[in-house]
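# Sequence plus predicted model, see below.
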Amino acid sequence: MAPKEDSLALAEAWNHGFGFIKTSIVKTAVELGIPDILESRGAPVSIPELAAAVDCSADRLYRVMRFLAYHGIFKRTEPPPESTGGGSVYYAQTLVSRRLTRENLGPFVLLQGTMREPSGCVTAETLRMSKRPGLVDDNDSDRLYEDPVFSMKVFRDAMASHARMTTAAVIENYGEGFLGVGSLVDVGGSYGMALSMLVKAFPWLRGICFDLPEVVARASPLKGVEFVAGSMFESIPKADVVMLMFVLHNWSDEECVEILKRCKDAVPKNKGKVIIIDAVIDEDGNGDEFTGARLGLDVTMMANMFEGRERTYVEWAHIINEAGFRRHVVKNIKTLESVIEAYP
């Protein structure tokens with residue numbers, strides 16, 4: 001299979017994985033009355049205005065509207081001439097969203113949502129609440145084992161398969177990033193699967209898998225991998241390179257800055273680097289074949305982790321700069337995630 005065809009197939013598979021999200025978020029938009037508000041205004045409405053009208057977080061509403069606009073439900077548009085929005089993003093109706101008002105198919109969409117509400121969806125309540133623990137809480141794993149809908153084993157198996165695919169993409173498309181690297185710390189590396197793949201592909205690496213004590217206690221020995229227990233909010237083992245795979249999208253900006261500061265302290269100032277492996281969303285919601293899946297992952301993080309999010313180029317630059325790095329580079333690895341190299 002040609003590389004482009006394989007990439008398109010992977011993107012399509014990701015989109016199927018997030019398929020239920022589109023329907024659930026359309027239902028949420030109808031429940032909030034967004035199609036009716038836009039219809040009654042008869043002109044584009046800014047995110048702050050829309051958030052005030054439906055009484056919810058402007059930031060979370062923007063992420064939902066960005067997702068829906070990507071899928072053609074609403075339309076991102078230029079501010080009207082008389083606007084005083086000060087650079088705010090505006091959204092307007094489409095032919096589809098007009099059919100989702102209360103006078104059209106809106107009530108039917110709400111009916112379908114009451115028949116079976118998928119677990120872990122973004123709801124009107126999600127957008128309006130200022131804080132909730134989310135589905136996957138570090139202190140709530142016992143509840144998850146008992147939850148009839150959510151299986152912790154299924155969750156861990158899903159994370160492992162995701163890590164395998166992404167690590168394979170890193171090896172294939174970012175191999176040069178490990179040349180000359182003697183030691184590598186995988187922060188939040190769980191049981192060391194990703195790190196063991198990297199050590200096997202690049203045998204000159206000395207791999208250090210760093211995670212919480214209760215995780216390290218359950219890990220099995222792996223060739224070329226040393227397990228170290230601790231907290232990334234306190235200190236991180238010294239190495240040439242620190243890697244964060246699927247870590248920062250779980251945390252708020254403030255927490256990410258603290259984590260990145262600890263990572264910066266762990267690598268040599270002049271020749272070290274921090275490798276972040278996470279999604280990077282195109283600001284305009286266009287991007288490549290994986291953009292739809294990235295936006296789906298973003299709203300999934302909002303529902304399940306609350307403070308979790310996928311970040312744009314600008315949002316990544318903000319937290320990396322706040323942590324004190326000199327510069328950073330974003331590299332495409334032909335999958336959902338990108339590699340971000342941050343240099344102290």
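Structure's in. What do you need? Numbering: from 1, shown residues only.
# pLDDT at Pro80, what is it?
pLDDT, Pro80: 76.
# One more: Glu117?
51.
# OK, contacts around Ala160?
Contact partners of Ala160, counting by Cβ atoms under 8 Å, 6 or more residues apart in numbering, are Met193. Quick note: C-beta positions are derived from backbone N, CA and C, even for glycine.
# Okay, and it sits in which element?
With secondary structure defined by DSSP states H and E, Ala160 is part of helix 152-173.
# Show me which positions of that helix end up buried.
Residues of helix 152-173 classed as buried: 162-163, 165-167, 169-171, 173 (neighbour count, 16 or more other Cβ atoms under 10 Å).
# mind checking how far Ala158 is from Leu105?
To Leu105, Ala158 is 33 Å away according to Cβ to Cβ, to the nearest Å.
# mind checking which helix or strand Leu336 is in?
Counting by DSSP H and E, Leu336 is part of no helix or strand.
# quick one: low-confidence parts of the stretch 51-200 of the chain?
Within the stretch 51-200 of the chain, the segments meeting pLDDT under 70 span 82-87, 112-121, 129-155.
# let's see 50
115-116, 133, 135-145, 148-150 (pLDDT under 50).
# Which parts of it are helices?
58-70, 95-98, 106-115, 124-128, 141-146, 152-173, 193-201 (DSSP state H, counting those that start in this stretch).
# Output the contacting helices and strands for the second one.
The one in question is helix 95-98. With contacts taken as 3 or more Cβ pairs under 8 Å, 6 or more residues apart in numbering; DSSP states H and E, helix 95-98 sits against helix 34-41.
# quick one: buried residues of the helix it packs on?
34-39.
# Next secondary structure element downstream of it?
strand 45-46.
# Check what contacts that next one and list those residues.
Here strand 45-46 makes contact (Cβ under 8 Å, 6+ apart) with 37-38, 53, 79, 83, 85, 88-92.
# so what's the closest residue to Arg102 other than its chain neighbours up against?
If the residues on either side of it in the chain are set aside, Arg102 comes closest to Asp36, at 5.6 Å by Cβ to Cβ, 6 or more residues apart in numbering. Applying Cβ under 8 Å, 6+ apart to Asp36 gives the contacts 101-102, 106.
# Nearest residue to the middle of the chain?
Glu310 (3.1 Å; Cα atoms, centre = their mean).
# now the helices for the stretch 201-344 of the chain?
213-216, 253-266, 291-304, 313-322.
# Is it possible to get CSV of these that adds distance to Ser24 and mean neighbour count?
Putting those into CSV (distance: least, Cβ to Cβ, whole Å; neighbours: other Cβ atoms under 10 Å) gives the following:
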stretch, distance to Ser24, mean neighbour count
helix 213-216, 31, 14
helix 253-266, 26, 19
helix 291-304, 9, 23
helix 313-322, 24, 17
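# Is Val242 in contact with Cys263, as I believe?
Yes: using Cβ atoms under 8 Å, Val242 is in contact with Cys263, at 4.4 Å.
# which residues are common contacts for these two?
What both Val242 and Cys263 touch, as defined by Cβ under 8 Å, 6+ apart, is the set 187, 236, 274.
# So the first one versus Phe246, what's the distance?
I take that to be Val187. Note on Val187: its distance to Phe246, by Cβ to Cβ, is 11 Å.
# between these two, who's got more neighbours?
Neighbour count, other Cβ atoms under 10 Å: between Val187 and Phe246, Val187 has more, with 24 against 18.
# the domain parsing of the protein - what is it?
The chain is divided into the following domains under automatic domain parsing: 3-130, 152-343.
# Need the winner for burial among the ones you listed.
Burial of the domains of the chain is given as mean neighbour count (mean count of other Cβ atoms under 10 Å); domain 152-343 ranks first at a mean of 18.
# re the thing from before, Val228: which of the contacts of strand 45-46 is nearest?
Val89 (43.6 Å; Cβ to Cβ).
# For that closest one, which non-adjacent residue is spatially closest?
Val89 sits nearest to Ile47 (Cβ to Cβ, 6+ apart), 5.2 Å away.
# tell me the contacts of that neighbour?
Neighbours of Ile47 in contact, by Cβ under 8 Å, 6+ apart: 58, 61-62, 65, 88-91.
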